[in-house]
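Colleague: Build the 3D model from these lines:
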Amino acid sequence: MASDSRTTHFGIRSLTPLLADEGLERTISVLEHLIEGRTDSGLVVLGLEYTRHNEATLSALREIVDGIVWIEERTDGSISAEYRRVHEQLSGI
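Modeller: Here you go, the predicted structure:
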């Protein structure tokens with residue numbers, strides 16, 4: 001397969017409306033397609049209003065992502081971000 005020199009990134013501000021309209025199974029199917037289609041150096045960023053979803057939905061989404069970035073606005077107006085790896089990195093990568 002020929003190497004593609006383009007880097008492709010994809011972002012969704014919030015999955016919450018998609019989950020409400022299409023349901024978890026359809027949303028997961030679409031996300032898996034997007035994630036599989038990214039380039040090696042590409043990035044897929046997905047937003048979620050996590051307080052509006054149950055634990056079963058959050059667990060299902062965790063299965064298809066590499067990590068979670070928790071972003072929080074502090075009382076002083078500043079923003080903090082913390083990255084948490086979801087799955088252990090495969091050896092050799």
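
Colleague: wait, residue 83 sits on residue 69?
Modeller: Yes: Residue 83 is within contact range of residue 69, at 5.2 Å (criterion: CB atoms under 8 Å). Just so you know, the C-beta spots here come from the backbone N, C-alpha and C atoms, and that holds for glycine as well.

Colleague: This structure: strands as residue ranges?
Modeller: 9-12, 43-46, 67-73, 79-85 (DSSP state E).

Colleague: could you dump those strands to JSON lines with distance to residue 59, mean pLDDT and mean neighbour count?
Modeller: Below are the strands of the chain laid out as JSON lines (distance: least, CB to CB, whole Å; pLDDT from 0 to 100; neighbours: other CB atoms under 10 Å):
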{"stretch": "strand 9-12", "distance to residue 59": "19", "mean pLDDT": "83", "mean neighbour count": "12"}
{"stretch": "strand 43-46", "distance to residue 59": "15", "mean pLDDT": "82", "mean neighbour count": "14"}
{"stretch": "strand 67-73", "distance to residue 59": "12", "mean pLDDT": "88", "mean neighbour count": "11"}
{"stretch": "strand 79-85", "distance to residue 59": "14", "mean pLDDT": "90", "mean neighbour count": "9"}
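
Colleague: can I get those in a markdown table with distance to residue 60?
Modeller: Below are the strands of the chain laid out as a markdown table (distance: least, CB to CB, whole Å):
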| stretch | distance to residue 60 |
| --- | --- |
| strand 9-12 | 16 |
| strand 43-46 | 13 |
| strand 67-73 | 14 |
| strand 79-85 | 17 |
